[in-house]
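Chemist: After the sequence you'll find the predicted model.
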Amino acid sequence: MREKLVRASAFAIMFSLIISSTAISQAPGGAGIPGHGAIGGELQNIEKQTWHVFGKVTDLSGEPVRNASVHVDIGYGSKYLKDLTTGLQGDFRTEFTMDTSTGSGMSVKLTADREGFYTARETVDFGTGGKTWEIDIAMRPDTGNADDLDPKVLTKTLAPAMRAVLQNDSSISSTRKDFQRGAEYLLDESDPAKAVLSFGKVVKRYPDCVNCHILLGLAMLDSGSWNSATRELGEAAKLASASGSNTEKATSLLLIAEEENWKGEYAKAAGFLMQAKDLDPKNAFVLQELGRTLMLQKNWEAAEDYLAKASAAGASRDALLLQTRVLLEEGDPDAANAAMNQYVGSENIQSCPVRVRTLYSEVQERMKLHAYSQVKSFVSEPLPSLMQSAPELKGLEPASSQADLAMILQKTGDAVQAFFDNFQNTVSTEQIREERLGKDGKIKDSLDQKFRYLLVTHPQKQRLGLEEFRTNLQGDRTEPTGLSDGLMLSSGFATTSLLFHPAYQSGCAFRYLGRQDSSGHGAYVVAFAQLPDKAKMIERFSTAADSVLILFQGLAWIDAENYKIIRLRTDLLQPQSKIRLQRQTTEISYDPVQFKQVASAMWLPSQVAVTVQWQGKTYRNMHKYSDFKLFNTDVKDKVRPADVPPETTPPGHP
């Protein structure tokens, strides 16, 4: 799932007039002296205008966006095109100098691009008056969430009815041709940029037309002009509130709500949608979007209720897709499968859009996990037998009750959330030892490798987790080897603690086992097991011949003072006989790392051991991390942090 929104604010264009006059001399008899101006004393002026273009690119929360590409086009051909890149504070600057004969006005088109965001565009025509004003550009985040509403779907849902209403409306008769062209561009030719120009003429002529402002706003959304669309839709809402019909008021509130959803402000969006529902109770699209918003808030039960009402009111098939997602989250794969089948009907699933096929596959895979339902786990296993299977529990002081569990989970969840919310990019030295063991437990083959290991946070708040990758000593991206030698590759440990994140805790069952000293820390020990019907982090184990979904159980040691996870062990919830996977155990030790740039220590993996028994063979990998540094970069293909000196040890030699 991908997470994106850029707002390029405080663009300003200014100009200054530079007049260069040649010196004038006149010889007796009026003859001009060569090189000294016009004959007969005529004044020759060469006028130039310098237009300064500068600004700052930010996300919707006002945070600067580095390395964003800004394309500037002032409409005078390729000579006057500029491609800029924002700096550390999201800033950029350029200027254009032209002869006044080139043109007497200035129109600027700005395009902003950045990985993780949709392309955004804004156009401002400053005319010939010489006055300028700020240009704001905001970009919608590409969260990778298929459940987010596509602006094009919003347009296709709302615009046809408005087109029908205004088609024969005598109140806009003098601009009917512009209106018709705008509707054709928007709905028939999928050219929202041209639709903006046509609808703009209609709105200029009829500024009190609510639906005209809405159509212009929709066209702007489709073309990527977020801030211009916000202004138009805000104006529509004001007009509707003052004198519009209930339908117009409800539609305006719906559009404001969608903008709040795209910003991640789900509570605000829900409030606007509730108002829209009260104004137009049978509006199927309003009910559907209220259901979507409640789903994004993770209010599954209320979301299911409103989505069912939307379907009953005649909502599109998309309501069934949303219902499918909600039912999966509620842990009812059978009902989700029924809703999915109702959506697909007699259609070949392979002909459906990618997002539909993806959800369909998720439903089918979730159905396969039913086999886990009756499995006994660390959560349900009697403590004496659990201590036998997990010798590291020796010395545990058993809990007398589960009264403290809710508090432990809440505080641990807060600590995990704070870790991922405030994470800063790190680089460390990683030493990997890959081993294949014989039946006697002795090492048969091994390989030692050394890398720079980077953990990079996602810039979008909608996305959780970290991205990990490795480079060689020269800074080139690379991966561990050993697979072709019959060894095992392992990675992805930095996000294991997400099982305790508030967004993921509902996917697990938990049990408070008691207290135990661990690495010099008094710790709470909590057992956990993923729930087959609700697990949100599902891993796939793949071989050359097949792959299966696997769920985990495990143990966590949580510092009793600061609620940081100091040790974590995960095991298979159930062996997978289909691919002969008998065991997969991961043991992670965390240590506090103090950076001088950060006030509090970051608890990062220091050692990881992975043991796998597959097809009768045992593999063991050990990862050790040291020499942690912070770095600030968005370049992921070649990274050499300034404060990390080049290493001299060749790759593969610890």
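Modeler: Perfect, I can see it now. Treat the numbers as computed from the prediction; the structure is a model and nothing was measured.
Chemist: In contact with Gly415, which residues?
Modeler: Check again: residue 415 is Ala, not Gly. By CB atoms under 8 Å, 6 or more residues apart in numbering, the contact set of Ala415 is Asn562, Tyr563, Lys564, Ile565. For glycine as for every other residue, the C-beta is placed from the backbone atoms N, C-alpha and C.
Chemist: What residues of the one helix or strand it maps to count as buried?
Modeler: Assigned by DSSP states H and E, Ala415 falls within helix 405-421. For helix 405-421, burial by neighbour count (16 or more other CB atoms under 10 Å) applies to Leu405, Ile408, Leu409, Thr412, Gly413, Ala415, Val416, Gln417, Phe419, Phe420.
Chemist: swap in stretch 332-350?
Modeler: Asp332, Pro333, Ala335, Ala336, Asn337, Ala338, Ala339, Met340, Tyr343, Val344.
Chemist: okay if I get those residues as JSON lines plus pLDDT and distance to Thr429?
Modeler: Formatted as JSON lines, these follow (pLDDT from 0 to 100; distance: CB to CB, whole Å):
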{"residue": "Asp332", "pLDDT": "88", "distance to Thr429": "47"}
{"residue": "Pro333", "pLDDT": "88", "distance to Thr429": "44"}
{"residue": "Ala335", "pLDDT": "93", "distance to Thr429": "50"}
{"residue": "Ala336", "pLDDT": "94", "distance to Thr429": "45"}
{"residue": "Asn337", "pLDDT": "94", "distance to Thr429": "48"}
{"residue": "Ala338", "pLDDT": "95", "distance to Thr429": "52"}
{"residue": "Ala339", "pLDDT": "95", "distance to Thr429": "50"}
{"residue": "Met340", "pLDDT": "95", "distance to Thr429": "47"}
{"residue": "Tyr343", "pLDDT": "94", "distance to Thr429": "50"}
{"residue": "Val344", "pLDDT": "94", "distance to Thr429": "51"}
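Chemist: Among the residues you listed, which one lies nearest to Thr251?
Modeler: Tyr343 (25.9 Å; CB to CB).
Chemist: that older thread, how far does the helix holding Ala415 sit from its chain's centre?
Modeler: Distance of helix 405-421 from the chain centroid (CA atoms, centre = their mean, to the nearest Å) equals 22 Å.
Chemist: Check the model's average confidence along it for me.
Modeler: The average pLDDT for helix 405-421 rounds to 95.
Chemist: Give the next helix or strand downstream of that helix.
Modeler: strand 426-437.
Chemist: Could you point out the helix or strand that follows the worst-scoring helix or strand of the chain on mean pLDDT?
Modeler: Across the helices and strands of the chain, mean pLDDT, DSSP states H and E gives its lowest value to strand 7-21, namely a mean of 33. Note on strand 7-21: by DSSP H and E, the next helix or strand toward the C-terminus is strand 45-58.
Chemist: buried ones in that following strand?
Modeler: Of the residues in strand 45-58, Lys48, Gln49, Trp51, Val53, Gly55, Lys56, Val57, Thr58 count as buried by neighbour count, 16+ other CB under 10 Å.
Chemist: And for the nearest residue to Gln180 once chain neighbours are set aside, the neighbour number?
Modeler: Nearest residue to Gln180, sequence neighbours excluded (CB to CB, 6 or more residues apart in numbering): Gln167, at 7.7 Å. Counted with other CB atoms under 10 Å, the neighbours of Gln167 add up to 12.
Chemist: repeat for Pro64
Modeler: 17.
Chemist: Ramachandran coordinates for it?
Modeler: Pro64 adopts backbone torsions of phi -70, psi 150, taken as degrees, to the nearest 10.
Chemist: Over to the one 4 residues further on?
Modeler: Reported as degrees, to the nearest 10, the phi and psi values for Ala68 are phi -80, psi 140.
Chemist: Check the spacing between it and Ile137 real quick.
Modeler: Distance, Ala68 to Ile137, using CB to CB, to the nearest Å: 10 Å.
Chemist: Let me know whether Leu273 touches Val286 as I believe.
Modeler: Yes. Contact status for Leu273 versus Val286: in contact at 6.3 Å, counting by CB atoms under 8 Å.
Chemist: between the two, what contacts are shared?
Modeler: Leu254.
Chemist: ok, which stretches of the stretch 101-250 of the chain are strands?
Modeler: Per DSSP state E, counting those that start in this stretch, the stretch 101-250 of the chain carries strands over the ranges 107-113, 120-125, 135-138.
Chemist: can you tell me which of those strands the model trusts least?
Modeler: Lowest mean pLDDT within the strands of the stretch 101-250 of the chain: strand 135-138, at a mean of 83.
Chemist: Count the residues that sit near Lys536.
Modeler: 17.
Chemist: List the contacts of the spatially closest residue to it that is not a sequence neighbour.
Modeler: Nearest non-adjacent residue to Lys536, counting by CB to CB, 6+ apart: Gly507, 4.0 Å away. In this structure, Gly507 makes contact with Leu499, Gln530, Leu531, Lys534, Ala535, Lys536, Met537, judged by CB under 8 Å, 6+ apart.
Chemist: ok, and the most crowded of the residues you listed?
Modeler: Note: the member of the contacts of Gly507 with the most neighbours is Gln530, at 27 neighbours, neighbours being other CB under 10 Å.
Chemist: hey, where'd the strands end up in the stretch 451-600 of the chain?
Modeler: Under DSSP E, counting those that start in this stretch, the stretch 451-600 of the chain gives strands at 466-471, 477-478, 508-518, 521-530, 539-542, 547-550, 552-559, 565-572, 581-593.
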